[in-house]
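*Asks:* What follows is a predicted structure for the sequence shown.
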Amino acid sequence: MRYISLQAGEKKTLEEGLKNHPKHHVRQRFQALALSGEGWQVKSISRLLKVRTRTVYTWMDKWEKLGLVGLMMKRGCGLKPKLSIQDGEMVELVKKKHGSMPGV
């Protein structure tokens, strides 16, 4: 079993971030580490947060190597947009289609 041991200041930082950070994925990582610091098993954390156990271990590794910064998503990571502004014709087509749909 692997756990994160947290100093009082680290625990406070995670709790504050969990309450106040604007990004969901960062709050989720804070919660995982806070729970680990309370003695929760990785398997239980992964079930609660609906992520793979490997994901929780990765968050733990990043916390241990980089601290708080390691939990933030790097620039360029994540879901890429399906359309770009250069696809003007397609954007207009989508606008027309959704504009004519009731309730949208």
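*Replies:* That came in fine, so what should we check first?

*Asks:* and the residue most central in space within the chain, what element?
*Replies:* Residue closest to the average C-alpha location in the chain (Cα atoms, centre = their mean): residue 25, at 1.6 Å. Secondary-structure assignment from DSSP states H and E places residue 25 in helix 24-37.

*Asks:* Equivalent analysis for residue 9, please.
*Replies:* helix 8-20.

*Asks:* Could you check the angle that helix makes with helix 24-37?
*Replies:* Using axes from the mean of the first three to the mean of the last three Cα atoms, to 10 degrees, the inter-axis angle of helix 8-20 relative to helix 24-37 is 140 degrees.

*Asks:* Sketch out the low-pLDDT regions of this structure for me.
*Replies:* Scanning the chain for pLDDT under 70 picks out 73-83, 85, 99-104.

*Asks:* all strands of it, in order?
*Replies:* Counting by DSSP state E, no segments of the chain form strands.

*Asks:* quick one, helices of it?
*Replies:* 8-20, 24-37, 42-49, 53-66, 88-99 (DSSP state H).

*Asks:* With just CA atoms, put the first one into PDB.
*Replies:* Looking back up the chat, that one is helix 8-20. Output of helix 8-20 as PDB, limited to C-alpha atoms (Å, rounded to 0.1, in the frame of the first residue of the first chain):
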ATOM      1  CA  ALA A   8       0.400  20.400   8.200                       C
ATOM      2  CA  GLY A   9       1.100  23.200   5.700                       C
ATOM      3  CA  GLU A  10       0.700  20.800   2.700                       C
ATOM      4  CA  LYS A  11      -2.600  19.500   4.100                       C
ATOM      5  CA  LYS A  12      -3.900  23.000   4.500                       C
ATOM      6  CA  THR A  13      -2.800  23.900   1.000                       C
ATOM      7  CA  LEU A  14      -4.600  20.900  -0.500                       C
ATOM      8  CA  GLU A  15      -7.700  21.700   1.500                       C
ATOM      9  CA  GLU A  16      -7.800  25.300   0.400                       C
ATOM     10  CA  GLY A  17      -7.100  24.300  -3.200                       C
ATOM     11  CA  LEU A  18      -9.900  21.800  -3.100                       C
ATOM     12  CA  LYS A  19     -12.300  24.400  -2.000                       C
ATOM     13  CA  ASN A  20     -11.200  27.300  -4.200                       C
END
